[in-house]
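Peer 1: Take this sequence and fold it.
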Amino acid sequence: MTPNSNYDLAFLHYFYETLRGYAEKLSDVETCAEKRNALEQEERWWRHVRGKLPALAVDERGVLMIAPDEVLAESHRHHSHAQAIHPLRLVRYDTEGHRRIIEATIRNLEELGTDMWVGFSFCWMAELYVTARKGEKAAEQLGIFWRNFCSPNGFHLNGDQKAEGYSSFTYHPFTLEANMCAADALQEMLLYGEEGVIEVFPAIPESWERREVAFRGLRTEGGLLVSARLAQGKLTKLVLEAPCRMYVKLKGWNREGIRRESERYEVDLCQGENVWL
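Peer 2: Residues are numbered from 1 along each chain as shown. Model (predicted):
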């Protein structure tokens, strides 16, 4: 393989961006001028180091590659070339260029098929669909996982236990990570939070939205507890419980509970405060 793989590059980009972000956040709250200046210099340094990294390899279709001269050309259980989409979220759906990459990468995985997938591949694919706001597809992948790749006690067994053609693997070695991935995918269908912005029900099937769906006490970034209810397409309840003073931006809904993708508004929360919206 020609260096550098997208797998390695994605983690390096994430690592240096995380260090840069921490330095920036600490400098924002530092009251000592000398320490603040040092943190600002550190933030610039990590930005400089990340700037030396090459960009992720993308082919002419917009598909994330394995490496600069290698594409994913066959079905494979790992979607590691797409780490930058999920779980690292370096490639996000809210910009046109990134949206093209996400959709092209997902389409390529669909075209290659699931023959060499195992259970966790379906959970991971669900996460990619959630990133692309495709709730129906995400729910379908999770349904396949829970019905075909888990034992009656819920354990993930890797192979297609019903031999229904979802995978050429029908063995049953037990591993636990796929169950965690499935739970995470389901939570992100209901709630997602990053960089002070939270969105409730970002990627749920239309059938859920037409009926009623609710969750209570899911925790997101900063320790914020969120509860919400959606009834017949309208957000009828949203409760935010803050563990400390924080500013939160709500995305995707207006104040009347109507879904508006471009809508954002800010809420100032005090420690221990329960805010009903």
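Peer 1: switch to C-alpha atoms for all contacts and neighbour counts from now on
Peer 2: Will do.
Peer 1: Name the SS class of Phe215, please.
Peer 2: strand (DSSP: H, G, I helix; E, B strand; the rest coil).
Peer 1: which ones are touching it?
Peer 2: Shown in contact with Phe215 (CA atoms under 8 Å, 6 or more residues apart in numbering): 190, 227-229.
Peer 1: Can you show me the strands along the stretch 101-250 of the chain?
Peer 2: Secondary structure of the stretch 101-250 of the chain (DSSP state E, counting those that start in this stretch): strands located at 191-194, 197-200, 212-219, 225-231, 234-241, 246-253.
Peer 1: so can I have JSON lines of those strands showing distance to Phe15 and mean pLDDT?
Peer 2: Shown next, in JSON lines, are the strands of the stretch 101-250 of the chain (distance: least, CA to CA, whole Å; pLDDT from 0 to 100):
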{"stretch": "strand 191-194", "distance to Phe15": "16", "mean pLDDT": "92"}
{"stretch": "strand 197-200", "distance to Phe15": "21", "mean pLDDT": "92"}
{"stretch": "strand 212-219", "distance to Phe15": "24", "mean pLDDT": "94"}
{"stretch": "strand 225-231", "distance to Phe15": "27", "mean pLDDT": "94"}
{"stretch": "strand 234-241", "distance to Phe15": "30", "mean pLDDT": "91"}
{"stretch": "strand 246-253", "distance to Phe15": "25", "mean pLDDT": "88"}
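Peer 1: thinking again about what came up before, now flag whichever of the contacts of Phe215 is closest to Tyr265.
Peer 2: Ala228 (16.7 Å; CA to CA).
Peer 1: what about the helices in the stretch 1-150 of the chain?
Peer 2: Using DSSP state H, counting those that start in this stretch, the helices of the stretch 1-150 of the chain run over 6-29, 33-51, 96-112, 119-131, 135-148.
Peer 1: Can you tell me which of those is nearest to Cys244?
Peer 2: Per CA to CA, nearest to Cys244 of these: helix 6-29, 15.0 Å.
Peer 1: about what we covered before: and the strands of the stretch 101-250 of the chain as JSON lines, adding distance to Val49?
Peer 2: Output for the strands of the stretch 101-250 of the chain, formatted as JSON lines (distance: least, CA to CA, whole Å):
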{"stretch": "strand 191-194", "distance to Val49": "23"}
{"stretch": "strand 197-200", "distance to Val49": "27"}
{"stretch": "strand 212-219", "distance to Val49": "33"}
{"stretch": "strand 225-231", "distance to Val49": "35"}
{"stretch": "strand 234-241", "distance to Val49": "38"}
{"stretch": "strand 246-253", "distance to Val49": "30"}
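Peer 1: just these: most buried one?
Peer 2: strand 197-200 (a mean of 21; mean count of other CA atoms under 10 Å).
Peer 1: Each with direction, which strands does that strand pair with?
Peer 2: Looking at strand 197-200 with DSSP bridges, its partner strands are strand 191-194 (antiparallel), strand 246-253 (parallel).
Peer 1: out of the ones you listed, nearest to His156?
Peer 2: strand 191-194 (24.1 Å).
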